[in-house]
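Colleague: Build me a model from this:
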Amino acid sequence: MKVHSTKAMAVRAVELCVELLYERASVASVAGVLRAHGEIGELDLGEDDLAAMRAAASRLREVLGAATAGEAAALLNRILAESARAPRLTSHEGTTSWHVHVDSGDDAPWGSGS
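Modeller: Numbers count the residues shown, from 1 in each chain. Sure thing, here's the model as predicted:
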């Protein structure tokens, strides 16, 4: 089982946000970041996915740029209230360590909550 540390997941998230917020980001360049971190096998991303991921990255930039922890928490709570599903634990069928997801399922389309 390949275990992704919290630090590795944070690095992947930052690199993904940087790529998504770069004006010339493409499906291929975003897939490259995901593949570099072992996050996807077969690529099934399209332009709609890219747009949704860009919107999410933009919202996360607001959270990370908040002036205080309280402001960041309020922004993140608003994002979760608008899009998250009930928390669930997953190990992606044993490919990662157990962690919390707030989406509809491991095989759900990218934008289906979370």
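
Colleague: how close does the spatially most central residue of the chain sit to residue 49?
Modeller: For the chain, residue 13 is the residue whose C-alpha lies nearest the centre (Cα atoms, centre = their mean; 6.3 Å). Going from residue 13 to residue 49 by Cβ to Cβ, to the nearest Å gives 16 Å. Where you see a C-beta, it was placed from the backbone N, CA and C, and this is true even at glycine.

Colleague: Can you find the helix or strand in the chain with the smallest mean pLDDT?
Modeller: Here the helix or strand of the chain ranked lowest by mean pLDDT, DSSP states H and E is strand 99-101, holding a mean of 82.

Colleague: buried residues in it?
Modeller: Neighbour-count burial for strand 99-101 flags residue 101 (criterion: 16 or more other Cβ atoms under 10 Å).

Colleague: other SSEs contacting the helix or strand hosting residue 55?
Modeller: Assessed by DSSP states H and E, residue 55 sits inside helix 47-64. In terms of contacts (3 or more Cβ pairs under 8 Å, 6 or more residues apart in numbering; DSSP states H and E), helix 47-64 is packed against helix 6-21, helix 27-36, helix 69-83.

Colleague: This completes my enquiry, with thanks.
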